[in-house]
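J.: Next come a sequence and a model predicted from it.
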Amino acid sequence: MQGQGHAQPVQRPPHDAVLVLLRVVFVALGVFSAGFLAWAMMLRLAVVTRRSVDFGLLVTVMAADILSVVLLASEPGEEVHTPGGYLGITLLFGGLLATVVYYLAADVRHFQRRREAYAAAYGYPPPVSPYTTTTTPLGAQPPHTPPPHTVPPVSRPPLAQPPIPAPPQRPAPARIEQVRAELDELSDYLRKHDGRDEGGR
(Lines give C-alpha, C1' and ligand atoms only; values in the text may rest on other atoms or scores of the structure.)
Protein backbone atom coordinates (compact mmCIF):
# COMPACT_ATOMS: atom_id res chain seq x y z
CA MET A 1 0.00 0.00 0.00
CA GLN A 2 3.05 2.24 -0.03
CA GLY A 3 3.63 3.97 -3.31
CA GLN A 4 5.96 6.52 -4.71
CA GLY A 5 3.67 9.34 -3.66
CA HIS A 6 2.84 12.38 -5.64
CA ALA A 7 5.54 14.37 -7.36
CA GLN A 8 5.95 17.95 -6.27
CA PRO A 9 4.20 20.27 -8.71
CA VAL A 10 6.53 22.41 -10.74
CA GLN A 11 6.16 26.02 -9.68
CA ARG A 12 5.51 28.61 -12.33
CA PRO A 13 8.53 30.90 -12.72
CA PRO A 14 8.00 34.59 -11.97
CA HIS A 15 7.11 36.95 -14.79
CA ASP A 16 10.04 38.25 -16.84
CA ALA A 17 9.38 41.85 -15.79
CA VAL A 18 9.73 40.91 -12.11
CA LEU A 19 12.98 39.06 -12.79
CA VAL A 20 14.45 41.96 -14.75
CA LEU A 21 13.48 44.41 -12.01
CA LEU A 22 15.14 42.26 -9.34
CA ARG A 23 18.30 41.91 -11.43
CA VAL A 24 18.49 45.66 -11.97
CA VAL A 25 17.95 46.40 -8.27
CA PHE A 26 20.60 43.96 -7.05
CA VAL A 27 23.20 44.99 -9.64
CA ALA A 28 22.53 48.67 -8.89
CA LEU A 29 22.94 47.95 -5.17
CA GLY A 30 26.37 46.47 -5.79
CA VAL A 31 27.50 49.14 -8.25
CA PHE A 32 26.25 52.19 -6.32
CA SER A 33 27.86 50.91 -3.13
CA ALA A 34 31.18 50.76 -5.04
CA GLY A 35 31.31 47.01 -4.61
CA PHE A 36 30.89 46.91 -0.83
CA LEU A 37 27.43 45.31 -1.16
CA ALA A 38 28.27 42.97 -4.03
CA TRP A 39 27.62 40.06 -1.70
CA ALA A 40 23.87 40.89 -1.82
CA MET A 41 23.70 39.62 -5.42
CA MET A 42 25.33 36.36 -4.43
CA LEU A 43 23.05 36.03 -1.42
CA ARG A 44 19.97 36.31 -3.61
CA LEU A 45 21.41 33.86 -6.14
CA ALA A 46 22.32 31.33 -3.45
CA VAL A 47 18.86 31.53 -1.87
CA VAL A 48 17.09 31.20 -5.22
CA THR A 49 19.19 28.37 -6.70
CA ARG A 50 20.01 26.59 -3.42
CA ARG A 51 23.22 25.28 -4.92
CA SER A 52 26.25 24.71 -2.72
CA VAL A 53 28.48 26.33 -5.36
CA ASP A 54 26.55 29.56 -5.05
CA PHE A 55 26.75 29.48 -1.24
CA GLY A 56 30.49 28.93 -1.54
CA LEU A 57 30.80 31.88 -3.90
CA LEU A 58 28.74 33.98 -1.46
CA VAL A 59 31.28 33.28 1.28
CA THR A 60 34.14 34.04 -1.13
CA VAL A 61 32.64 37.38 -2.18
CA MET A 62 32.00 38.34 1.44
CA ALA A 63 35.58 37.44 2.36
CA ALA A 64 36.93 39.48 -0.57
CA ASP A 65 34.81 42.47 0.47
CA ILE A 66 36.01 42.24 4.08
CA LEU A 67 39.63 41.88 2.96
CA SER A 68 39.35 44.89 0.66
CA VAL A 69 37.85 46.98 3.49
CA VAL A 70 40.69 45.95 5.81
CA LEU A 71 43.30 46.78 3.17
CA LEU A 72 41.73 50.16 2.42
CA ALA A 73 41.28 50.97 6.12
CA SER A 74 44.97 50.26 6.81
CA GLU A 75 45.99 53.08 4.45
CA PRO A 76 47.69 55.97 6.24
CA GLY A 77 45.72 59.09 5.36
CA GLU A 78 42.92 59.49 2.87
CA GLU A 79 44.91 58.84 -0.30
CA VAL A 80 45.66 55.35 -1.60
CA HIS A 81 49.38 55.08 -2.31
CA THR A 82 50.57 51.74 -0.91
CA PRO A 83 50.52 48.33 -2.60
CA GLY A 84 48.01 47.13 0.02
CA GLY A 85 45.63 49.94 -0.83
CA TYR A 86 45.91 49.28 -4.56
CA LEU A 87 45.32 45.59 -3.92
CA GLY A 88 42.22 46.47 -1.87
CA ILE A 89 40.80 48.64 -4.68
CA THR A 90 41.61 46.01 -7.32
CA LEU A 91 40.02 43.31 -5.19
CA LEU A 92 36.93 45.45 -4.60
CA PHE A 93 36.28 46.46 -8.22
CA GLY A 94 37.49 43.18 -9.74
CA GLY A 95 35.22 41.27 -7.37
CA LEU A 96 32.34 43.58 -8.27
CA LEU A 97 32.83 42.98 -11.99
CA ALA A 98 33.13 39.20 -11.58
CA THR A 99 30.12 39.09 -9.25
CA VAL A 100 27.89 41.07 -11.62
CA VAL A 101 28.80 38.90 -14.61
CA TYR A 102 28.35 35.62 -12.72
CA TYR A 103 25.15 36.76 -11.01
CA LEU A 104 23.45 37.78 -14.24
CA ALA A 105 24.54 34.67 -16.15
CA ALA A 106 23.58 32.24 -13.39
CA ASP A 107 20.26 33.94 -12.65
CA VAL A 108 19.20 33.96 -16.30
CA ARG A 109 20.26 30.32 -16.72
CA HIS A 110 18.42 29.24 -13.55
CA PHE A 111 15.11 30.80 -14.53
CA GLN A 112 15.42 29.60 -18.14
CA ARG A 113 15.69 26.04 -16.82
CA ARG A 114 12.72 26.56 -14.51
CA ARG A 115 10.67 27.90 -17.41
CA GLU A 116 11.58 24.87 -19.55
CA ALA A 117 10.75 22.47 -16.70
CA TYR A 118 7.40 24.16 -16.18
CA ALA A 119 6.62 24.01 -19.88
CA ALA A 120 7.58 20.34 -20.09
CA ALA A 121 5.58 19.43 -16.98
CA TYR A 122 2.39 21.00 -18.24
CA GLY A 123 2.66 20.13 -21.92
CA TYR A 124 3.65 23.48 -23.36
CA PRO A 125 6.15 23.50 -26.20
CA PRO A 126 9.60 24.61 -25.05
CA PRO A 127 10.25 28.28 -25.72
CA VAL A 128 12.71 29.17 -28.43
CA SER A 129 15.56 31.24 -27.07
CA PRO A 130 16.19 34.40 -29.06
CA TYR A 131 19.87 34.26 -28.07
CA THR A 132 20.81 30.97 -29.73
CA THR A 133 22.11 31.11 -33.24
CA THR A 134 23.77 28.68 -35.54
CA THR A 135 27.23 29.83 -36.50
CA THR A 136 30.17 28.18 -38.13
CA PRO A 137 33.48 28.27 -36.26
CA LEU A 138 36.22 30.53 -37.52
CA GLY A 139 38.36 28.86 -40.13
CA ALA A 140 35.61 26.43 -41.13
CA GLN A 141 34.10 27.23 -44.46
CA PRO A 142 30.59 26.13 -45.30
CA PRO A 143 30.44 23.88 -48.38
CA HIS A 144 30.25 25.83 -51.61
CA THR A 145 26.92 25.52 -53.31
CA PRO A 146 26.65 26.81 -56.84
CA PRO A 147 23.85 29.29 -57.54
CA PRO A 148 20.72 27.63 -58.87
CA HIS A 149 20.49 27.46 -62.65
CA THR A 150 17.23 28.85 -63.86
CA VAL A 151 15.70 27.80 -67.13
CA PRO A 152 13.93 30.60 -68.98
CA PRO A 153 10.20 29.99 -69.17
CA VAL A 154 8.89 28.75 -72.50
CA SER A 155 5.61 30.22 -73.63
CA ARG A 156 3.05 27.55 -74.30
CA PRO A 157 -0.45 27.97 -75.61
CA PRO A 158 -3.03 27.56 -72.86
CA LEU A 159 -4.56 24.14 -72.75
CA ALA A 160 -8.24 23.96 -73.51
CA GLN A 161 -9.98 22.80 -70.39
CA PRO A 162 -13.25 20.96 -70.73
CA PRO A 163 -16.14 22.77 -69.04
CA ILE A 164 -16.97 21.52 -65.60
CA PRO A 165 -20.42 19.93 -65.69
CA ALA A 166 -22.93 21.14 -63.13
CA PRO A 167 -23.77 18.59 -60.50
CA PRO A 168 -26.87 16.63 -61.45
CA GLN A 169 -30.08 17.48 -59.61
CA ARG A 170 -30.84 14.68 -57.28
CA PRO A 171 -34.44 13.76 -56.69
CA ALA A 172 -35.71 14.52 -53.23
CA PRO A 173 -35.55 11.57 -50.89
CA ALA A 174 -38.66 9.43 -50.61
CA ARG A 175 -39.20 10.32 -46.97
CA ILE A 176 -39.49 14.06 -47.76
CA GLU A 177 -42.01 13.31 -50.50
CA GLN A 178 -44.04 11.21 -48.08
CA VAL A 179 -44.09 13.96 -45.45
CA ARG A 180 -45.08 16.53 -48.07
CA ALA A 181 -47.99 14.33 -49.23
CA GLU A 182 -49.19 13.82 -45.64
CA LEU A 183 -49.11 17.57 -45.00
CA ASP A 184 -51.16 18.18 -48.13
CA GLU A 185 -53.73 15.62 -46.97
CA LEU A 186 -53.89 17.22 -43.55
CA SER A 187 -54.40 20.66 -45.09
CA ASP A 188 -57.27 19.34 -47.25
CA TYR A 189 -58.88 17.63 -44.26
CA LEU A 190 -58.68 20.77 -42.14
CA ARG A 191 -60.20 22.91 -44.90
CA LYS A 192 -63.12 20.51 -45.25
CA HIS A 193 -63.55 20.22 -41.52
CA ASP A 194 -63.47 24.02 -40.96
CA GLY A 195 -65.97 24.58 -43.79
CA ARG A 196 -68.49 22.15 -42.27
CA ASP A 197 -68.34 23.71 -38.79
CA GLU A 198 -68.89 27.22 -40.13
CA GLY A 199 -71.84 26.18 -42.26
CA GLY A 200 -73.57 24.29 -39.41
CA ARG A 201 -73.58 27.19 -37.03
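T.: Thanks, I have it.
J.: For Phe36, grab the count of nearby residues.
T.: By other CB atoms under 10 Å, 17 other residues sit near Phe36. (C-beta placed from N, C-alpha, C; glycine too.)
J.: Which element, helix or strand, includes the residue nearest to it when sequence neighbours are not counted?
T.: Spatially, and ignoring its direct neighbours in sequence, Phe36 is nearest to Asp65 (6.1 Å; CB to CB, 6 or more residues apart in numbering). Under the criterion of DSSP states H and E, Asp65 resides in helix 52-73.
J.: What residues of that helix count as buried?
T.: 54-55, 57-58, 61, 64-65, 68, 71-72 (16 or more other CB atoms under 10 Å).
J.: Stretch 28-44 too?
T.: Within stretch 28-44, judged by 16+ other CB under 10 Å, the buried ones are 30, 35-44.
J.: who's in contact with that stretch?
T.: Residues outside stretch 28-44 that contact it (CB atoms under 8 Å, 6 or more residues apart in numbering) are 22, 26-27, 54, 57-58, 61-62, 65, 68-69, 92-93, 95-96, 99-100, 103.
J.: Now do it: distance from first to last residue.
T.: 14 Å (CA to CA, to the nearest Å).
J.: Any idea how many residues pack against Leu186?
T.: The tally of other residues near Leu186 (other CB under 10 Å) stands at 10.
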